[in-house]
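Student: this is a predicted model, with the sequence first.
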Amino acid sequence: MMVLSSLRPDASIVEYLEHRARAESLPGLIARSLLAFAFVVAGLAPIPVYKPVVVSLGLTYFCYAVWGLLDRARSHSQKIRSSYSYLNVLCTFFVWLGVLSGIGFLMSVGFLLLGAPWIL
């Protein structure tokens, strides 16, 4: 089954995520960010082994949703020329935080699969 997309066939994962975040509705992004924040807070509960997996996955998803919201605000403020540089810094911060938490998610899954829950 083929999925129709407005992206070119060799689009990277970054381009795909940008396209998805920009195509999402504003209430959808707000709901996603609140759900991801609740996921991070719930991951901080006293669960023994899966805590790093839950928290890092929730943080990655939270950064994705917040980046989508900030990108909307950045494109809107670019039209009216107000506080554009602050939004650029915040967008960059959430992109890097999302990348680092994604790496943390992959590492925590790897440690869990290798049988090393003592690491975190």
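Tutor: Cool, got the structure. This one's a predicted model, so the numbers in the text were calculated from it and none came from an experiment. Numbering: from 1, shown residues only.

Student: going by C-alpha atoms from here, please, whenever you check contacts or count neighbours.
Tutor: OK.

Student: contacting residues around the spatially most central residue of the chain?
Tutor: Note on the chain: the residue nearest the mean C-alpha position is residue 64, at 2.5 Å, using CA atoms, centre = their mean. Each residue near residue 64 by CA atoms under 8 Å, 6 or more residues apart in numbering is listed here: 21, 94, 95, 98.

Student: beyond the host helix or strand of the first one, next helix or strand please.
Tutor: Here residue 21 is covered by helix 13-23, with elements defined by DSSP states H and E. Of the helices and strands lying after helix 13-23 in sequence (DSSP H and E), the nearest is helix 26-43.

Student: touching that following helix from outside, list them.
Tutor: 21, 51-52, 54-56, 58-59, 61-63, 65-66, 68-69.

Student: give me that answer again for 7 Å
Tutor: When contacts are defined by CA atoms under 7 Å, 6 or more residues apart in numbering, helix 26-43 is touched by residues 51, 54, 55, 58, 59, 61, 62, 65, 66, 68, 69.

Student: from these, pick the one nearest residue 103.
Tutor: Checking those against residue 103 by CA to CA gives residue 59 as the nearest, at 11.2 Å.

Student: many thanks, I have nothing further to ask.
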